[in-house]
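[1] coords below, sequence missing:
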């Protein structure tokens with residue numbers, strides 16, 4: 001068979017593609033094509049292209065049944081798995097609602113927390129015997145001083 005010029009629609013059927021895909025391939029120059037006097041795009045197809053396209057279509061049809069059965073069984077197992085997950089989620093939701101209901105029923109039984117009156121703060125004890133120069137500080141008060149005070153004023 002020699003080369004023959006076919007329009008995009010027929011070429012799409014031969015090559016198993018869409019007319020838009022072939023039009024873009026022709027525009028990019030990856031497909032041997034030309035624009036006719038009527039403005040239509042024509043593709044040059046030789047006999048080998050048409051025969052190989054027919055062989056591809058036959059192989060796809062025979063493989064398609066096997067792949068389809070495999071995909072259907074996979075999808076069925078996926079659906080079963082998702083149903084099991086959904087049932088687990090529903091069960092967890094029921095359990096959470098049961099727990100919340102139990103807690104809400106107990107709220108009126110609980111007494112409101114009573115606020116204890118604030119305890120008066122203890123006034124710091126002063127040593128009446130100290131002379132007030134800060135040299136004779138009791139050891140308890142020395143430990144209370146910050147490191148900043150000890151750094152600048154010593155002990």
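    Structure received. None of the values given here were measured: they were computed from a predicted structure.
[2] Following element in sequence after the helix or strand of the chain with the lowest mean pLDDT, please.
    When each helix and strand of the chain is scored by mean pLDDT, DSSP states H and E, helix 139-144 comes last, with a mean of 60. Later in the chain than helix 139-144, the nearest helix or strand by DSSP states H and E is helix 147-153.
[3] what about residue 17, neighbour count?
    Here the number of neighbours of residue 17 (other CB atoms under 10 Å) works out to 15. Glycine gets a C-beta too; all of them are placed from N, C-alpha and C.
[4] for it, helix, strand, or coil?
    Here residue 17 is coil, with the state taken from DSSP: H, G, I helix; E, B strand; the rest coil.
[5] Flag the shaky bits of the chain, pLDDT-wise.
    1-2, 47-64, 109-143, 155 (pLDDT under 70).
[6] Quick check: can you list the domain ranges of the chain?
    1-45, 62-107 (automatic domain parsing).
[7] For the nearest residue to residue 17 once chain neighbours are set aside, which residues are in contact?
    Closest residue to residue 17 apart from its sequence neighbours, by CB to CB, 6 or more residues apart in numbering: residue 11 at 7.9 Å. Going by CB atoms under 8 Å, 6 or more residues apart in numbering, residue 11 touches 17, 19, 22, 43, 45.
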